[in-house]
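Q: Output the structure for:
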Amino acid sequence: MLFNIVNKTITLPDGREITIETGKLAKQADGSVVVRMGNTMLLATVVANKDIKEGLDFLPLSVDYQEKFASAGRIPGSFMRREGKLSDHEVLVSRLVDRVLRPLFPDDYHAETQVNIVLISADSEALPDALAALAASAALAASDIPFGGPVSEVRVAKIDGEFVINPGSAALERATLELMVGATYNDIAMVEGEMEEATEEEVIEALRLAHEVIKQQCLALKEFEAAVGKTEKREYIGDEQDEELEARVRAFCYDKVYAVTQLGSQNKNVRKDGFKAVWTEFVESIGEEEVNGALAKRYFNDIVWEASRRLVLDERKRLDGRKLDEVRPIASEVDFLPNAHGSALFTRGETQSLTTVTLGTKNDEQIIDTPLKYGYSKFLLHYNFPGFSTGEVKPNRGPGRREVGHGNLALRALKKVLPAAEDNPYTIRIVSDILESNGSSSMATVCAGSLALMDSGLKIKAPVSGIAMGLISDEKTGQYAVLSDILGDEDHLGDMDFKVTGTEKGITACQMDMKVNGLSFEVLTEALLQAKAGRLHILGEMNKTITESRADLKPHTPRAVVIKIDREMIGAVIGPGGKVVQDIQKESGATVSIEEKDGAGFVSIFSADKTSMDKAVSRIKGIILVPEIGEVYSGKVKSIMPFGAFVEFLPGKDGLLHISEIKWERLETMDGVLEVGEEVQVKLVEVDKKTGKYRLSRKVLLPKPENKNA
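A: Model prediction:
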């Protein structure tokens, strides 16, 4: 038989179905499935080498998510007209899947493993990113690759006051909270999302609902694995072990390493040099030729990890001497760069971000071109992490996945406080250059970005701060400690990395990664509440520098105005073949762009100086102003005819001032009565309903002569 097909169906709370199928496509992969919801179809494959490269002490896992344009009946808009390197959106989805899969592989499994997830059919009402981790886990379930799953992932959103699982794109636009949640049956492993100043209680409620749905999906995946017949996984060679060597390393190094952890220095190099000195002393004591150096170094690193954690759990102390909930010293400045439209320098401990804000025109908007979306983005945030920020030599090869992910988190945190689209004519670009890093540079980016936005004069709704929380726990003893504002070392040795951003009122974005099982909702609630206290403290420090947006933009910032007009007036502003708008730009020197949105027209005007701005605004307001019968206008004579004069009483609007309406006295001729260019006061007395022509009068504004015959 050509195909041996196995199917499994999962039903969501609202009755929609997700189907998983294996045995038909990509059969030479170790595991392959097609996951379908509505008309969305994902092909997920997984392959792992059976041979492990010598010397590897980590899992070389790669996860790639790609959306094929043909899935939505589209041709790529790039010059090559084919899919190329992964877009930022695809990288972000790849990261979401990677973060939920990676912790569940055995610690000593080091075979090169590749997960590919491809969108082969697209449906905007069944968004594929919410199905990607489910598809990857199903492919692993259909393989013999060792994996501690199953795991799944859902999107939970609060729409019109109700929580919804995996909403479509139309409904998602109304969401006030949106989270992507990845979890096993027992534990939440990954969270990422954004919200409009949500409370901690709202976030916890959303996570509870998401986890209940994920539990059902995990049960279905276990049944799918059994149906495929892959409950027994392949054997592999784990890490080399030498109990005698491990005991020697522990006996010589543990107490010395623990003493280094107790130094309490805020300089990470002091700890680094201290650990290095202990290792060097151990090597000199036994001689390198007598010991497996690589294996001994692994045991030594394990001791550093263990000793650092015991310091926290047993003594409630941290590597840099802080209390568990203490935030490192903070310093901030704004207007640091004189020629930027907005700038800020934010330093927290040994982490520092220099951030700029640039305000551009509509022509600077970013084109968004994906199978499910084509449009423009007027808010960009770019995060750069050069090697020198950690004292390392590293070539600059453009942003990697980490930079894309960190920048996206900061973007989500700040976009919730930007002015409404109709009040913001600018394209905004924030760039965070990390100059120094020892823990949570993405949260420093949020803080610096908020300060720089306020420095620019852009009217944000409220300042935003961010904090990274950590967790160290011991499953055997039940001990745990929640850490505020974690160091880079604490991120490495901890069990959780939980980043939370928000205003004084509530949370705007969050991101969590778990490295162990067993995070209860009680501990999660404690972490959120401790994070709230921490970010409010950071916000207080930021407020010492600037508390709200400046009253005006910088003098060198281009000026911008948005005028909302009736949809019917768009054509009048553009003119035949664009003649009118081109004339406005030529005459004023300003840049004018027009777009239709939500049944109205929006005219965006950009100018380098006030004079040209005023000219353009005056012209446009004159065009869109609807003349009213009975109103008095100050007009200019455009031409003189034998029967009267044509007067421009509003920009682009001429009316006939008949010879009989110039004066109360009878005029026989127009000679010498008016001159071209002369300003006259006129009153609009009639608008012809058929032709739309205007009739003006001047004499009704003049005193009427007395009737001498009366």
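Q: Show me the longest helix that occurs in the protein.
A: helix 200-228 (DSSP state H).
Q: which is the next helix or strand following that helix?
A: Counting by DSSP states H and E, the element after helix 200-228 in chain order, helix or strand, is helix 243-261.
Q: what's in contact with that next one?
A: Residues from elsewhere that reach helix 243-261 (Cβ atoms under 8 Å, 6 or more residues apart in numbering): 271, 274-275, 278-279, 281-282, 285-286, 291-292, 295-296, 299-300, 303-304, 306-308, 310-311, 319. (Each C-beta comes from the backbone N, C-alpha and C, glycine too.)
Q: run the last query once more with 6 Å
A: Helix 243-261 is contacted by residues 274-275, 278, 282, 296, 299-300, 303-304, 307-308, 311, 319 when judged by Cβ atoms under 6 Å, 6 or more residues apart in numbering.
Q: Closest one of those to Phe147?
A: Closest approach to Phe147 among the contacts of helix 243-261 (Cβ to Cβ): Tyr299, at 26.6 Å.
Q: State the distance from the closest one to Asp495.
A: Distance from Tyr299 to Asp495, counting by Cβ to Cβ, to the nearest Å: 21 Å.
Q: Helices - which of the contacts of helix 243-261 land there?
A: Judged by DSSP H, the subset of these located in helices is Gly274, Phe275, Val278, Phe282, Ala296, Tyr299, Phe300, Ile303, Val304, Ala307, Ser308, Leu311.
Q: I'd like the contacts of helix 243-261 laid out as TSV, including distance to Ala331, neighbour count and pLDDT.
A: Putting the contacts of helix 243-261 into TSV (distance: Cβ to Cβ, whole Å; neighbours: other Cβ atoms under 10 Å; pLDDT from 0 to 100) gives the following:
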residue	distance to Ala331	neighbour count	pLDDT
Gly274	27	17	95
Phe275	29	21	94
Val278	33	21	95
Phe282	39	20	92
Ala296	42	22	90
Tyr299	40	18	93
Phe300	36	22	94
Ile303	35	22	95
Val304	30	22	95
Ala307	31	21	95
Ser308	27	23	95
Leu311	27	20	94
Leu319	21	22	93
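Q: could I get the residues you listed as JSON lines with distance to Thr557?
A: Below are the contacts of helix 243-261 laid out as JSON lines (distance: Cβ to Cβ, whole Å):
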{"residue": "Gly274", "distance to Thr557": "49"}
{"residue": "Phe275", "distance to Thr557": "49"}
{"residue": "Val278", "distance to Thr557": "54"}
{"residue": "Phe282", "distance to Thr557": "59"}
{"residue": "Ala296", "distance to Thr557": "59"}
{"residue": "Tyr299", "distance to Thr557": "58"}
{"residue": "Phe300", "distance to Thr557": "55"}
{"residue": "Ile303", "distance to Thr557": "55"}
{"residue": "Val304", "distance to Thr557": "50"}
{"residue": "Ala307", "distance to Thr557": "53"}
{"residue": "Ser308", "distance to Thr557": "47"}
{"residue": "Leu311", "distance to Thr557": "50"}
{"residue": "Leu319", "distance to Thr557": "43"}
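Q: closest to Ile640 among those?
A: Ile640 lies nearest to Leu319 out of these, by Cβ to Cβ, at 88.6 Å.
Q: Quick one: low-confidence residue ranges for the stretch 551-700 of the chain.
A: Residues of the stretch 551-700 of the chain meeting the criterion pLDDT under 70: none.
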